[in-house]
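Engineer: give me a 3D structure for the following:
(one chain, ligands or ions: 1)
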Amino acid sequence: MYSLSLVLIVNHFLIFLKSQSAASGSASGSHHVGVTASSSTPESAVPPTIATGTSQTIEIDADVNRVDDNDERPVKRKKLTSEVWQYFNKEKVSIDENGKIYKQEWAHCKFKNCTYKGRCESATGTSGFWSHLKLHHSVVKGQQQLKAQKDQEKGINVVEPYKYDEEASLRKLYVAIIMHEYPFNMVGHEYFRDFITSLRPNFPLKSRVTVRKEILSIYMQERDKLYEYLKTVKCRISATMDMWTSNQNKGYMCITLHWVDDDWCIQKRIVTFSHVEGRHTGVRLSEGFTTSMLRWFVEKKMFSLTLDNASANDVAVKDIICCC
Ligand SMILES: [Zn+2]
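Structural biologist: Residues are numbered from 1 along each chain as shown. Model prediction:
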């Protein structure tokens, strides 16, 4: 079981992500209160967007495969031409054994969280490293992975080299969970795991606890980006505020900021989705609103506030105008 507040934070986050599209008009019966207004000069700035990871294009060099990686003849010094060294870092160590110093060369696997290492003197060969890559990271020697996709501009199908990126794939999974509101424990679902295993047997599907932690950290990063972005917004910002009651009969306040960016596109972000204790009195609402505006450093940039026609909102609006 997850605490409700965490679910709400994440829920809040995904609404915030989804709310990047243009805002729709407000419902009938709403009242619109001007707070302050003045002219402003827009400055170029880009709204934060979530990065979903990019696939890398790798160069195919025909000469790379010419050296036989399994050649175990004692050669004096071979150039590091094998593809295997893309995945390993070499390290020279001196070992003191009964007063005698031995020099050794070790290769450490570059994959994150992998502790594999092996001797890599020129006579050792690379087959052991290839076995490790195949077994643990699905990298097969001499196998160039390709992906076919449609070139939208030219309208033709193109085939490009494809490189598997574990971190990027995991990030895409987290983004999918956020955007489609999947439960965190989907990563533990038997048939989902089966599906992923069928695609890539050693894909490191994390536990729901780790997924929750990762998604929370994405939320923190995106929130910080929004903080930074809002600092650069030079135009006035409007807000809408609404109260919402959960099926557990708990009250929540939702505040959305709206503004027009430098490209004349309407932007909106949910900046507060918080639990309001007790009755929704006007004073409580105005307190919640002003606290949120101060927290986001936009209290000096307010242009208007739009609310629905709940009676408590009349008191809230008077209170907010007094504060401003
Ligand atoms: Zn490894």
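Engineer: what parts of the stretch 51-200 of the chain come near the ion?
Structural biologist: Taking Cβ under 5 Å from the ion, the part of the stretch 51-200 of the chain that reaches the ion is made up of 109, 111, 114, 116, 136. In this view, the C-beta of every residue, glycine as well, is placed from N, C-alpha and C.
Engineer: now those residues in JSON lines, with pLDDT and secondary structure?
Structural biologist: What follows is these, written out as JSON lines (pLDDT from 0 to 100; DSSP: H, G, I helix; E, B strand; the rest coil):
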{"residue": "Cys109", "pLDDT": "88", "secondary structure": "strand"}
{"residue": "Phe111", "pLDDT": "82", "secondary structure": "coil"}
{"residue": "Cys114", "pLDDT": "85", "secondary structure": "coil"}
{"residue": "Tyr116", "pLDDT": "90", "secondary structure": "coil"}
{"residue": "His136", "pLDDT": "85", "secondary structure": "helix"}
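Engineer: pull out the buried members of those.
Structural biologist: Applying 16 or more other Cβ atoms under 10 Å to those, the neighbour count classes 109, 111, 116 as buried.
Engineer: just these now: which is nearest the ion?
Structural biologist: Cys109 (3.1 Å; Cβ to the ion).
Engineer: looking at strand pairing, list the partners for that closest one.
Structural biologist: Phe88 (DSSP bridges).
Engineer: wait, what's in contact with it?
Structural biologist: Counting by Cβ atoms under 8 Å, 6 or more residues apart in numbering, Cys109 makes contact with 87-88, 115-117, 132, 136-137.
Engineer: can you pull out the strands in the stretch 201-324 of the chain?
Structural biologist: Ranges of strands within the stretch 201-324 of the chain are 237-245, 251-260, 266-276, 302-307, based on DSSP state E, counting those that start in this stretch.
Engineer: need those strands in a markdown table (columns: mean pLDDT, distance to the ion and mean neighbour count).
Structural biologist: What follows is the strands of the stretch 201-324 of the chain, written out as a markdown table (pLDDT from 0 to 100; distance: least, Cβ to the ion, whole Å; neighbours: other Cβ atoms under 10 Å):
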| stretch | mean pLDDT | distance to the ion | mean neighbour count |
| --- | --- | --- | --- |
| strand 237-245 | 91 | 48 | 19 |
| strand 251-260 | 93 | 46 | 19 |
| strand 266-276 | 91 | 41 | 18 |
| strand 302-307 | 91 | 54 | 19 |
